[in-house]
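Chemist: need the 3D shape of this:
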Amino acid sequence: MDLTFLLCPFFQEELDLSAPNKEAMLSLPKEKKWQIYCSQKAEQQRAKDFNPVQHINAHRSGSCTNLSNDPVLYIEKVVALGRLPFPAKDAVDEIRKRAREIDALQIALRTQPNSFVTRFVDADGLPCLLNFLAGIDDYAAAANEDDNGEAVVSGGGSGSAVHTALLGCLKALMNNSTGRSHVLAHPSSINIIAQSLASENIKTKIGVLELLGAMCLVPGGHKKVLEAMLHYQAYAHERVRFQGVLVDLDRSTGRYRDDVNLKTAIMSFINAILNYGPGQENLEFRIHLRYEFLMLGIQPTIDKLRKHENETLNRHLDFFEMVRAEDEKELAKRYDTVHVDTKSSSSMFEIIRKKLNHTEAYPHLLSLLHHCLLLPRKSSRFPWCSGYHIRLTRGRSPVRTRAETLTTFLTYF
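Modeler: Numbering: from 1, shown residues only. The predicted structure follows:
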C-alpha cells in the first residue's frame, strides 16, 4: 500500500499550502513525499513536547541549546527590546544588533512550519510585535518634528533598521494563512502599521506601503486599510486623507534608486486601494476615491514622474491612467455624452440639469444650489465649511454617508 500518499493530507495543513500547491505536492514521487513527511513529523514532535515555561527557565539559566524552534523565546526577546530606551543615532552597532535579533524572528516566521506560527500567535506574539512597533512609531513621529512641531526631513532616525525589521515580521505573518487571519482580526493592527508612514526612512515607508497594498487584496482588508488611512490622517495631523502619501510621491529624496523604489511602492498602493475591495466592481467607488487623489494633485505629479523613465514605475502610472480613462468613458455613457469635462463647472451643471430636469430630484438640486450661494468666498471666515465640503465629497460610504452628510451640511445654513 502506498502509505506516503495516504499520509500527505496530514501534513498539508502544517505546510500551509494553497490548493494548487497541494495538488502539486500530491503529484511528487513517493521518495520526495516521504522525505517531506519525515522532516515535518520531526517538527510536529518538537511542537508536541514544547513547554514554554521550561524553555524560558532553561534559556535564563543558559542550559537551553535549541532556541530556533521556540516562539516564546522570540517573544520574550521582542518584549525585552521594546522596553529598552531608543539608542542614539550614532550607536550603529547597537542598532544593528537589535535589528539582527528582530530579523531572526522574521526568518523563523518565514521558514518554520505552520505550527511555529500557530504557537507564536497563541502565545500573544502579535500584540508584542504591535506594541513594540507602536512605540517606535511614536518615537519616529516625534523625531521628525522640530521644536515648533513642524515636520522635518531626515535620513531615518535611530530606530529605522529595527522599525523596518518589525515590519518584516508582520509581512512574514501576512504570508501565512494563520498569521494573516490574526493580523486582520486584531482591532488596531492595521492602524499601528499605517502609523509607520510617519517615519522618514525610505525602507520603512516602502515596507508599510507594501503591507497596506497587500491587505487591500485580502477579503476584509480593504475596508481596514481605508479606516487606517483615516486614523493616520488624525495621527499625523493631516488636513485630508492621503495627504502625506501624495507629498512623498511628489518630493525628491535626491537619490534616484530611493526615489524610484518609493514612488513605485506608492503607485502600487494607490492602484491597489482603487481597484480592489468595492473598486473591483463599483464604478462610483473608483471615481469617488480617485477624486481624492486628483484633488491632492496626483495628475501633475504623474506627469513629472515620467521623467524618471523607469519601466516598472511607468507600468504603475500607465495602469492608473488607463483605468481612469476607462472609468470616465463609462461615466460619460451614463449621461449620453462622449466626455464629461470635470474641470468646467458650467459643463458639469448642464449635464446634471439635463439628467435631473422633470424628475423629483430636481427641486433638491435647486435647494442645494440655493444653499451653495451662501458659501463664503474665503473658507477662512467659516472653517467648518471646508470640513463639511470634504465630508460631503469624500464620505466613508459612497452612498449612505454622503446623503446623511448632505442633510447635516444643509442644516448649517
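
Chemist: which positions within the longest helix belonging to the chain qualify as buried?
Modeler: In the chain, with assignment by DSSP state H, the single longest helix is helix 311-334. Of the residues in helix 311-334, L313, H316, L317, F319, F320, V323, R324, D327, E328, L331 count as buried by neighbour count, 16 or more other CB atoms under 10 Å. Bear in mind the C-beta positions are built from the backbone N, C-alpha and C, glycine included.

Chemist: mind listing what the first one touches?
Modeler: By CB atoms under 8 Å, 6 or more residues apart in numbering, the residues touching L313 are V260, K263, T264, M267, L305.

Chemist: go on, the fifth one?
Modeler: Residues near F320 by CB under 8 Å, 6+ apart: M267, I270, N271, L274, I298, I302.

Chemist: quick one: residues contacting L197.
Modeler: K205, V208, L209, Y232, A236, G244, V245.

Chemist: I'd say V340 and K333 touch.
Modeler: No. Counting by CB atoms under 8 Å, V340 does not reach K333; the two are 10.0 Å apart.

Chemist: number of nearby residues for L133?
Modeler: The number of residues packed near L133 is 23, by other CB atoms under 10 Å.

Chemist: tell me which helix or strand it sits in.
Modeler: Using DSSP states H and E, L133 maps to helix 125-143.

Chemist: flag every buried residue along that helix.
Modeler: By neighbour count on 16+ other CB under 10 Å, the buried set for helix 125-143 is 125-126, 128-130, 132-137, 139-141, 143.

Chemist: quick one: the helices in the stretch 301-413 of the chain, in order.
Modeler: With DSSP state H, counting those that start in this stretch as the criterion, the stretch 301-413 of the chain has helices at 311-334, 345-356, 362-372, 383-394, 400-410.

Chemist: picking up where we left off before, need the max-distance pair from the contacts of F320.
Modeler: Within the contacts of F320, L274 and I302 form the most distant pair, 13.4 Å apart (CB to CB).

Chemist: I'd like the distance between D137 and H308.
Modeler: Going from D137 to H308 by CB to CB, to the nearest Å gives 30 Å.

Chemist: what of A99?
Modeler: Distance from A99 to H308, by CB to CB: 30 Å.

Chemist: with neighbour numbers in mind, choose between these two.
Modeler: Legend: neighbour count by other CB under 10 Å for A99 and H308, higher for A99 (21 against 16).

Chemist: what helix or strand does that one sit in?
Modeler: Per DSSP H and E: A99 is located in helix 92-111.

Chemist: what sits up against that helix?
Modeler: Taking CB under 8 Å, 6+ apart as the rule, helix 92-111 contacts 68, 71, 74, 77-78, 81, 84, 87, 116-117, 120, 158-159, 161-162, 164-166, 168-169, 171-173, 175-176, 179.

Chemist: ok, of those residues, which come out buried?
Modeler: 71, 74, 77-78, 81, 87, 116-117, 120, 158-159, 161-162, 164-166, 168-169, 171-173, 176, 179.

Chemist: ok, Q106 to M174 distance?
Modeler: Note on Q106: its distance to M174, by CB to CB, is 12 Å.

Chemist: repeat for F285
Modeler: Going from F285 to M174 by CB to CB gives 24 Å.

Chemist: more neighbours: these two, which one.
Modeler: The neighbour count for F285 versus M174, taken as other CB under 10 Å, is higher for M174 (21 against 18).

Chemist: and the more buried one, what pLDDT?
Modeler: What the model reports for M174 is a pLDDT of 94.

Chemist: next, give phi and psi for it.
Modeler: Per-residue torsions, M174: phi -70, psi -20 (degrees, to the nearest 10).
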